[in-house]
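> how does the following fold in three dimensions:
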Amino acid sequence: MDRMNMPSLIQISTFLLLCVSDLSYSQFSLQPINLDVQQVTDICNAGDERLFIAQQNGVVRICDLNGTLFNAPFLDISTKVISGGERGLLGLVFSPDFKNDRLFYVNYTGLDGDNRISRFTVSNDPDIADPASEEILFIIDQPFSNHNGGGMKFGPDGFLYIGSGDGGAAGDPQNNGQDPYSILGKILRLDVGAGQGYLIPSDNPFYDGANGDPLVWSLGLRNPWRISFDHTTGELWIGDVGQNKWEEIDREQVIGGGGLNYGWKCYEANAVYDTTSCLNVSAYEPPYYAYDHSGGNCSVTGGFVYRGALHASWYGRYFYTDYCTGVIHSIADSGNMVSEIVHGSFSPFTYSTLGEDVFGELYIGKTGTGVFKLTDPGDCAPVAHISDEDTLQLCGPTFTLSSPFHPDLTYSWYRNDTLIQSSGSSELIADIGGHYEVNVTDINGCTTISDGVFV
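Presented below is the predicted three-dimensional model:
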């Protein structure tokens, strides 16, 4: 996430910078969850009510959703990790079938300076990993000490996606971002479902190795520090750190996709950087959203599309921050433009990562000390959302309707304006056609009624 000094950009490119509409301000607060963890690089869950917090020094701690830290580290590989600058334990993700296979994956800088993508198994104690179980899947050679990427997430297809930086220095001197045979400056995609080694998915764009490295899914990235998937649409979101003037956020479909080239180092976001030996601009995928370094911005920290249950106004918005400003933003489609909301400035702190709990609520970690939960005390509207479709065709004797779940909410289900179920269940098994709605109430009595769905 460095800021290397480079000459100013050559010229502004001719393709369109996505405009910002409906720029507004919505102050919320950061609730301290745990103030003891340090140098936080990743926050994730394993499908249960624990938060796993990766620290740059190679230690992973666990806390519950109230912030109580478990006594023993979940994992300690600090003796294997170079920590400092942009090196260290950079990514952590749990198998989609973690409940059964007890597997998780890490991305860290080894003592030789190269990145290791490794798999571990949890011990007989569910709160402690077995450090001796490490299986190094592959190593990413790093020519320099910065731009290691580090983000790791499982996609809706069950495959593991990894964000890999361009190798460092400044200006991508080895042109790794545009070299399809290099795994630097890329999103990588692999199949780890067998639980031993890995396979290359047959629909990877360079699967046969004839025109690029088989691991490569998309290319032309500088330093995709954080990546995530929208749990509803399945879209991949990439926060790609820029060079010296622009930061970019990319969005792509992964089902039936692959092979997108985001243009670095030909372009830094929407601006020409070095077009030597580059193709026409139309050959590159423009960012979904880009912002400049005005106001002290310097390095995007990508986050998540909110699919939690407590804040209706956040639902479907992508949350991110900038490492240098401490300002938290969210963006979403608004017609042909992108709407931005500024949720608050929390400077002088620098935030290195965002994370989710099992209910889809969002957290943020500091490079100094602490993990915080994103909250809005003035928001009195839980999420009541059944479907993006107006009509669901019923095939078979029943159909399950659902709204985002949180244990603090009550769900009252209606068919044709008649109450049929009121409980803590966010799901309803519909066995009769009709017009369905759900009324969601939080612990303060705030209520939201969903749009109707006709089954």
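> in the stretch 301-450 of the chain, where is pLDDT below threshold?
Residues of the stretch 301-450 of the chain that meet the criterion pLDDT under 70 lie in 388-395.
> how would you label residue 79: helix, strand or coil?
Classification of residue 79 using DSSP: H, G, I helix; E, B strand; the rest coil returns helix.
> helices of the chain, start to end?
Ranges of helices in the chain, per DSSP state H, are 98-101.
> grab the most central residue of it for me.
residue 228 (2.4 Å; C-alpha atoms, centre = their mean).
> just list whatever residues bridge to it.
According to DSSP bridges, the partner residues bridging residue 228 are residue 237.
> contact partners for it?
Residue 228 is in contact with 151, 153, 236, 237, 302, 303, 304, 305, counting by C-beta atoms under 8 Å, 6 or more residues apart in numbering. Where C-beta positions appear, they are placed from N, C-alpha and C, glycine not excepted.
> run the last query once more with 7 Å
Residues counted as contacts of residue 228 (C-beta atoms under 7 Å, 6 or more residues apart in numbering) are 153, 237, 302, 303, 304.
> spatially, which two of those are the most separated?
The span of those, defined through C-beta to C-beta, is set by 153 and 303 at 12.0 Å.
> ok, these two, which is more surrounded?
Each of residue 153 and residue 303 has its neighbours counted (other C-beta atoms under 10 Å); residue 303 has more, 27 against 20.
> that one against residue 320, yeah?
Yes - judged on C-beta atoms under 7 Å, residue 303 makes contact with residue 320 at a distance of 4.5 Å.
> coming back round to it: which single one of the contacts of residue 228 is nearest to residue 165?
Nearest to residue 165 among the contacts of residue 228 is residue 302, at 13.2 Å by C-beta to C-beta.
> for residue 170, see how far away that closest one is.
Distance of residue 302 to residue 170, given as C-beta to C-beta, to the nearest Å: 21 Å.
> counting neighbours, go ahead and name the busier of the two.
residue 302 (26 against 15).
> so the more buried one makes contact with residue 236?
No - at 10.7 Å, residue 302 does not count as touching residue 236 under the criterion of C-beta under 7 Å.
> what's the overlap in contacts for those two?
Counting by C-beta under 7 Å, 6+ apart, the contacts common to residue 302 and residue 236 are residue 227.
> where exactly do the strands run in the stretch 1-150 of the chain?
11-12, 20-25, 29-38, 40-44, 50-55, 59-64, 75-76, 89-94, 103-109, 115-122, 129-140 (DSSP state E, counting those that start in this stretch).
> how about the strands of the stretch 251-400 of the chain, start to end?
With DSSP E, counting those that start in this stretch, the ranges of strands along the stretch 251-400 of the chain come out as 267-268, 271-272, 289-292, 300-305, 318-322, 327-334, 337-345, 351-356, 362-366, 369-375, 399-402.
> now the fifth one and strand 369-375, what's the angle there?
Okay, so that is strand 318-322. Orientation check (axes from the mean of the first three to the mean of the last three C-alpha atoms, to 10 degrees): strand 318-322 against strand 369-375 gives 140 degrees.
> for the longest one, same thing?
When the same axes, to 10 degrees is applied, the directions of strand 337-345 and strand 369-375 differ by 120 degrees.
> what's strand 337-345 packed up against?
strand 20-25, strand 327-334 (3 or more C-beta pairs under 7 Å, 6 or more residues apart in numbering; DSSP states H and E).
> in it, which residues are buried?
Buried residues in strand 337-345, defined by neighbour count with 16 or more other C-beta atoms under 10 Å: 338, 339, 340, 341, 343, 344.
> any idea what the first one is bridged to?
With DSSP bridges applied, residue 338 shows beta-bridge pairing to residue 20, residue 333.
> could you dump the contacts of residue 228 into TSV with distance to residue 199 added?
What follows is the contacts of residue 228, written out as TSV (distance: C-beta to C-beta, whole Å):
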residue	distance to residue 199
153	18
237	25
302	27
303	30
304	28
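> if we only consider these, which is nearest to residue 370?
Closest to residue 370, out of all of those and judged by C-beta to C-beta, is residue 303, at 16.8 Å.
> that closest one and residue 350: what is the separation?
15 Å.
> okay, now the unreliable bits of the stretch 1-150 of the chain?
Low-confidence segments of the stretch 1-150 of the chain (pLDDT under 70): 1-27.
> what about the residue lying closest to residue 450 once chain neighbours are set aside, neighbour count?
Using C-beta to C-beta, 6 or more residues apart in numbering and skipping residues adjacent in sequence, the residue nearest residue 450 is residue 384, 3.8 Å away. A count of neighbours around residue 384, defined by other C-beta under 10 Å, yields 24.
> same question, residue 76
Residue 76, neighbours per other C-beta under 10 Å, totals 18.
> excluding its backbone neighbours, what's nearest it?
Leaving aside its sequence neighbours, residue 76 sits nearest to residue 59 (C-beta to C-beta, 6+ apart; 5.0 Å).
> so who does the one you found touch?
By C-beta under 7 Å, 6+ apart, residue 59 lies in contact with 73, 75, 76, 78.
> pretty sure residue 386 sits against residue 452.
No - counting by C-beta under 7 Å, residue 386 stays clear of residue 452, with 8.1 Å between them.
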